[in-house]
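# Fold the following.
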Amino acid sequence: MVLRAKRAKNGRMMYFKDNKLISKSKFLAARSRSKTRKSRSPARKASNGSRKMARRTIPHPSVTGMASGLAIASYLNAGKTVSGKFVTTTTDGVLKDITDGELGKALMTLSGNAVDMIGSDTGRKTLVGASVVAMAGAFARRQFPNLKLGGSKLYFRV
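This is a model prediction of the structure:
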């Protein structure tokens, strides 16, 4: 069933169903019953006035942000190194303690690592390095918004 409305030369509207002239009431009734009614979705207009369809893009994860976060997480996960008189022992990390069900021990190790991160030179270097990597990534994303990382190759979004 094909429905269409057309303006005649004299200005009156003419309604057709399967290329046969019908009344306006029959046209509206048939149109409301039609399940294949086409609706026009408004296209997004670009700033220059041309019509442009909206395109959704999936945001890419920040590789530099992930790298800086993983550097900090690695430092916080590290086990304690206990030095004795003759033996130096390194305990398991926080994640190992959590998977073993020793939550109290994991929390103590995590809090000790957090304090050591701020109090020691290596911890401060880790924090500063992670911040620099994250800022460099943010700067690169701002300067080159079309540059994406995909697999092992760099590619540009067209």
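
# which residues of the chain fall in helices?
Secondary structure of the chain by DSSP state H: the helices cover 24-33, 63-77, 94-99, 103-119, 121-143.

# Going by mean pLDDT, which of the ones you listed comes out lowest?
Of all these, mean pLDDT reaches its minimum on helix 63-77 (a mean of 79).

# got the contact list for that one?
For helix 63-77, contacts defined as CB atoms under 8 Å, 6 or more residues apart in numbering pick out 93-95, 110, 113-114, 117, 123, 126-127, 129-131, 133-134, 136-138, 140, 149. Backbone N, C-alpha and C define where each C-beta goes, glycine included.

# got the CA coordinates for that helix in CSV?
Output of helix 63-77 as CSV, limited to C-alpha atoms (Å, rounded to 0.1, in the frame of the first residue of the first chain):
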residue,chain,number,x,y,z
VAL,A,63,47.0,4.6,26.9
THR,A,64,49.0,7.2,28.8
GLY,A,65,46.4,7.4,31.5
MET,A,66,46.4,3.6,31.8
ALA,A,67,50.2,3.5,31.9
SER,A,68,50.4,6.1,34.7
GLY,A,69,47.6,4.4,36.7
LEU,A,70,49.3,1.0,36.3
ALA,A,71,52.6,2.4,37.5
ILE,A,72,50.9,3.7,40.7
ALA,A,73,49.0,0.4,41.1
SER,A,74,52.1,-1.6,40.7
TYR,A,75,53.8,0.4,43.4
LEU,A,76,50.9,0.0,45.7
ASN,A,77,50.6,-3.7,45.0
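
# That helix versus helix 103-119: what angle between them?
For helix 63-77 against helix 103-119, the angle by axes from the mean of the first three to the mean of the last three CA atoms, to 10 degrees is 120 degrees.

# Quick check: beta-bridge partners of the closest residue to Ala8 other than its chain neighbours?
The spatial neighbour of Ala8 that comes closest, neighbours along the chain excluded (CB to CB, 6 or more residues apart in numbering), is Met14 at 5.2 Å. Beta-bridge partners recorded for Met14 (DSSP bridges): Lys6.
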